[in-house]
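Undergrad: Provided below for reference: sequence and predicted model.
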Amino acid sequence: MRHIYFLAFLAFFGFACNSGPENPADKIFINGTIYTVDESNPKVEAVAVKDGMIQAIGSSAEIQELAGENTEVIDLEGKTMTPGFIESHAHLMGIGYNKLELDLMYVKTYDELVEKVAEAVAKAKPGDWITGRGWHQDKWIEKPEKMVKGFQTNEPLNEVSPDNPVFLRHASGHASFANSKALELAGIANLKGERPGEVEGGEIITDELGNPTGVLTERASYLVARLVPEETPERAEEALTLALQELVEKGITSFHDAGSGQDVIDLVQKFKDEGKLTVRQYIMLTGRQPELLDEWYKKGPMIDSDHMLTVRSIKLNCDGALGPRGAWLLEDYADRPGHRGHETLPMSVVTEVSEKALPLGFQVCSHAIGDRANQEILDRYEAAFAKFPDATDHRFRIEHAQHLHPDDIPRFGELGVIAAMQAIHLSSDRPWAIDRLGEKRIIDGAYVWQKLFQTGARICNGTDAPVEPVDPIPSFYASVTRKTLEGLPEGGYEGDQKMTREQALKSYTLDGAYAEFEEDFKGSIEVGKAADFTVFDQDIMEVAEDEILKTQVAMTVMGGQVVFKRQ
C-alpha cells in the first residue's frame with residue numbers, strides 16, 4: 001500500500017532518464033520507524049520534504065530517489081518519527097516566566113519552599129517582590145504541623161521574609177500563597193477577628209480566629225496579584241524566548257495558548273515578523289477582558305495563511321481546580337462537607353459569548369473541572385447551537401473536562417464538543433483526587449477517556465504547563481498506563497479507561513490539529529501536509545510501559561526546518 005504514495009508522486013512530477021529527479025527534495029529523512037497517524041498507510045521508513053511540506057513518503061530506497069545534488073539527507077538511524085506533537089492546552093508566557101521566577105514545581109515539603117524563598121530574599125533588595133509558582137500541598141511528602149482547611153499557614157514564610165512581599169501561585173494557577181507583608185499591602189492583614197471568608201468567585205482562607213493564613217483561592221488571589229509590578233517588554237521577550245526553546249526541546253511543533261491578551265498576540269506577531277517563531281501558535285483570547293473580546297468581535301478571526309499565528313478562539317474560565325477545592329461540584333466535597341467549589345464566571349457570560357462567537361466563526365473553549373461546571377457549560381453550548389443551527393462546524397471545547405456527571409458524558413459526542421484533556425493530571429492528581437470526590441464519583445466520571453471516545457467525542461492532549469512540565473512523554477505515559485510517574489498502581493487507576501497507544505498518539509497529533517481546524521494542514525504524515533515532525537530516541541509505540549518515561553526527543557522539525565537536535 002505504501003508504494004501507491006510514491007508512485008503517485010512519480011506520476012505527478014515525472015523523471016528525466018538517468019539525470020536525477022526533475023523536482024528534487026529539499027530534505028529527506030530515511031531509515032526511520034515513522035508512524036504517520038494515517039490509517040490507510042500507518043507506518044513508513046522515509047519522508048521527503050519540499051518547501052516545508054511533505055513531498056513523498058515511502059521506503060528509504062524510494063525516497064532516496066528524490067535526492068538531488070543539494071538535497072540534505074538526514075539518516076534517522078532507526079529512531080522513531082511521528083507527526084509533530086501538538087500541545088493543546090498550556091500557557092505560553094507562563095512557561096517562560098516560570099524560568100525567571102521561583103520554580104516550586106518540584107518542591108517536596110513546605111520547609112523546602114520556605115528555604116527557596118529565603119534564598120531569594122537574600123538576593124533581593126528590601127521591598128522587592130518575591131514571586132513564584134508550582135507549589136502543591138497535596139504532593140508534599142510531609143505535611144506541615146499546622147494546616148487550615150487543607151492548606152499550610154504563612155508564619156514560617158513571614159519569618160524568612162518580613163520586609164519583602166511574597167506571592168506564590170499554586171501549581172494549578174487557581175490559588176496563591178502570600179506572606180503577611182503582601183497581605184498588609186493588599187489591605188487584608190491583621191483582621192483581628194473579622195472573617196473576610198469568601199469573596200465573589202473565591203475565598204480568603206482564615207484560621208479559627210478569622211485571620212488570613214496567606215492562602216487565597218480563585219479570584220481572591222487577584223487582591224494581591226494586582227499589586228505585583230507589571231512585567232517589562234524586555235522581560236516578556238526573554239520569557240517568550242525561553243518558552244519557545246523549552247517547547248522545541250520537548251518536541252512540540254504547535255501550541256494552543258489557553259488564554260492571552262493583545263500584548264501576547266502582538267509579541268508573538270513580532271517574533272514571527274523577525275523570524276524567531278519556531279513553534280506554530282494558536283492563541284485563545286482571554287475571556288477575562290470583555291473589551292478585548294468586543295474588539296475582536298468587530299474584526300473577526302485572524303486565520304494565518306502561513307499557519308504560524310492564528311486567533312479564532314475564546315477562553316472562558318468557569319470554575320476552579322480540584323486541588324484548592326475550587327472545582328464547581330454538583331455535590332459537596334467528600335473532604336470538606338458543605339463546600340462545592342466556585343463558579344468563577346457567571347454562566348450568563350458563557351451564553352453571551354457563545355451566541356456572539358458562533359455566527360462570527362469564533363470557537364469557545366471553556367475551562368471546566370467540576371461536574372457542575374461541565375454540566376452548566378454543556379447546557380449553554382447546546383442552547384447556543386440550537387439558536388444558530390447553521391453553525392455546524394463550531395468545534396467548541398471544554399478545557400479539562402476532568403470530572404463529569406455520567407449523564408453528561410454522552411453529550412460530548414452528541415454535541416460535537418471537544419474534550420481538551422491533560423492525561424498527566426491523572427498521574428498527578430488521581431492519588432489525592434479520591435479524597436476530594438470519593439470512590440463512586442471517581443469511577444463514574446473522572447478522567448473517563450474511553451467513555452468519551454465511545455460517544456464519538458474527540459480528545460486532544462496536553463499538559464496545562466506550567467501546571468505540569470510541558471514534556472509530552474509523561475502525559476503519553478499517563479494516557480496508556482493510568483499510573484503515577486512512579487509506576488503505581490499495578491494495572492493503573494480505573495484501567496478500563498486507558499487509551500491505546502494509537503489513541504494517545506492521535507490525541508497529541510491529528511486530534512490536536514482538529515481542535516484548531518488544522519487537520520487538513522498538519523497532524524499526520526501525509527503528502528501535501530506540513531513537514532512538522534517529532535523524532536524520539538526509542539519507539540514509544542512498542543517499548544515496554546516502564547521504558548516510555550526514559551524516552552527523549554532527538555529532533556524537532558517544524559515546516560521542514562530542524563529547530564532542535566539533541567547533541
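TA: Happy to help now that I have it.

Undergrad: Okay, now the unreliable bits of the stretch 451-567 of the chain?
TA: Within the stretch 451-567 of the chain, not a single segment meets pLDDT under 70.

Undergrad: could you pull out the helices for it?
TA: 472-481, 501-507, 510-514, 545-548 (DSSP state H, counting those that start in this stretch).

Undergrad: Tabulate the ones you listed (TSV), appending distance to I434 and mean neighbour count.
TA: Where you see a C-beta, it was placed from the backbone N, CA and C, and this is true even at glycine. Below are the helices of the stretch 451-567 of the chain laid out as TSV (distance: least, Cβ to Cβ, whole Å; neighbours: other Cβ atoms under 10 Å):
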stretch	distance to I434	mean neighbour count
helix 472-481	16	25
helix 501-507	23	22
helix 510-514	28	25
helix 545-548	23	15
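
Undergrad: nearest to L415, of the ones you listed?
TA: Of all the helices of the stretch 451-567 of the chain, it is helix 510-514 that lies closest to L415, at 15.4 Å by Cβ to Cβ.

Undergrad: what about that closest one, distance to the chain center?
TA: Distance of helix 510-514 from its chain centroid, counting by Cα atoms, centre = their mean, to the nearest Å, is 14 Å.

Undergrad: Restricting to C-alpha, output it in PDB.
TA: Output of helix 510-514 as PDB, limited to C-alpha atoms (Å, rounded to 0.1, in the frame of the first residue of the first chain):
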ATOM      1  CA  LEU A 510      -4.200  14.700  14.500                       C
ATOM      2  CA  ASP A 511      -6.900  15.400  17.100                       C
ATOM      3  CA  GLY A 512      -4.900  18.300  18.400                       C
ATOM      4  CA  ALA A 513      -4.900  19.700  14.800                       C
ATOM      5  CA  TYR A 514      -8.600  19.100  14.500                       C
END
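
Undergrad: name the helices or strands packed onto it?
TA: With contacts taken as 3 or more Cβ pairs under 8 Å, 6 or more residues apart in numbering; DSSP states H and E, helix 510-514 sits against strand 85-90, strand 252-260, strand 459-460.

Undergrad: same thing but 10 Å
TA: strand 80-83, strand 85-90, strand 252-260, strand 280-286, strand 418-420, strand 459-460, helix 501-507 (3 or more Cβ pairs under 10 Å, 6 or more residues apart in numbering; DSSP states H and E).

Undergrad: ok, back up a step: any chance of the helices of the stretch 451-567 of the chain in CSV, plus distance to F255?
TA: Output for the helices of the stretch 451-567 of the chain, formatted as CSV (distance: least, Cβ to Cβ, whole Å):
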stretch, distance to F255
helix 472-481, 11
helix 501-507, 15
helix 510-514, 10
helix 545-548, 22
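
Undergrad: can you tell which of the ones you listed is closest to G275?
TA: That would be, of those and by Cβ to Cβ, helix 510-514, which comes in at 23.6 Å.

Undergrad: hmm, who's touching the closest one?
TA: 36-39, 83-89, 254-256, 280, 282, 395, 418-420, 457-462, 503, 505-506, 518-524, 526, 529-530, 532 (Cβ atoms under 10 Å, 6 or more residues apart in numbering).

Undergrad: Can I have the buried ones of those residues as a PyMOL selection?
TA: Buried members of the contacts of helix 510-514 can be picked out in PyMOL with the line below, counting by 16 or more other Cβ atoms under 10 Å:
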select buried, resi 36+37+38+83+84+85+86+87+88+89+254+255+256+280+282+395+418+419+420+457+458+459+460+461+462+503+505+506+518+519+521+522+523+524+526+529+530+532
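
Undergrad: what's around the closest residue to A446 other than its chain neighbours, how many residues?
TA: Closest residue to A446 apart from its sequence neighbours, by Cβ to Cβ, 6 or more residues apart in numbering: H403 at 4.8 Å. Residue neighbour count, defined by other Cβ atoms under 10 Å, stands at 27 for H403.

Undergrad: Hmm, H403 is touching L437, no?
TA: Yes. Applying Cβ atoms under 10 Å as the test, H403 and L437 come out as touching, 6.5 Å apart.

Undergrad: got any residues that touch both of those two?
TA: 322, 327, 329, 370-371, 444-446.

Undergrad: for the stretch 251-400 of the chain, what spans make up the helices?
TA: Counting by DSSP H, counting those that start in this stretch, the helices of the stretch 251-400 of the chain are 262-273, 290-299, 347-360, 371-387.

Undergrad: for the shortest one, packing partners?
TA: Using 3+ Cβ pairs under 10 Å, 6+ apart as the contact definition, the elements that helix 290-299 packs against are helix 262-273, strand 280-286, strand 309-317, helix 347-360.

Undergrad: And for the first one?
TA: If contacts are counted by 3+ Cβ pairs under 10 Å, 6+ apart, helix 262-273 sits against helix 92-98, helix 233-249, strand 252-260, strand 280-286, helix 290-299, strand 309-317.

Undergrad: out of the ones you listed, deepest packed?
TA: strand 252-260 (a mean of 27; mean count of other Cβ atoms under 10 Å).

Undergrad: quick revisit: tell me which residues touch the residue nearest to A446, please.
TA: 322, 327-330, 368-374, 433, 436-437, 441-442, 444-448.

Undergrad: If we use 8 Å, what do you get?
TA: Going by Cβ atoms under 8 Å, 6 or more residues apart in numbering, H403 touches 322, 327, 329, 369-371, 374, 437, 441, 445-446.

Undergrad: and what of Q137?
TA: 110, 143, 150-152, 323.

Undergrad: Same check on E101?
TA: 131-133.

Undergrad: Model confidence score at it, please.
TA: If you check E101, the pLDDT there is 91.

Undergrad: How about the one 5 residues further on?
TA: As predicted, Y106 sits at a pLDDT of 87.

Undergrad: How many residues are close by it?
TA: Y106 has 9 nearby residues by other Cβ under 10 Å.

Undergrad: How about the secondary structure of it?
TA: Following DSSP: H, G, I helix; E, B strand; the rest coil, Y106 is assigned to coil.

Undergrad: give the contact list for G32.
TA: Counted by Cβ under 8 Å, 6+ apart, G32 has contacts 45-47, 76, 78-81, 535.

Undergrad: Most neighbours among those residues, please name it.
TA: V47 (28 neighbours).

Undergrad: do you know how far D520 is from L510?
TA: Remark: distance between D520 and L510 (Cβ to Cβ, to the nearest Å) = 11 Å.

Undergrad: same question, N164
TA: Taking Cβ to Cβ, one finds N164 at 48 Å from L510.

Undergrad: quick check: angle from the helix or strand where W432 lies to helix 472-481?
TA: In this assignment (DSSP states H and E), W432 forms part of helix 424-437. Counting by axes from the mean of the first three to the mean of the last three Cα atoms, to 10 degrees, helix 424-437 lies at 60 degrees to helix 472-481.

Undergrad: Return the list of helices and strands in contact with the helix or strand just after helix 424-437.
TA: Where DSSP H and E defines the elements, the next helix or strand beyond helix 424-437 is helix 439-445. Judged by 3+ Cβ pairs under 8 Å, 6+ apart, helix 439-445 is in contact with helix 424-437.

Undergrad: Sweet, I'm off.
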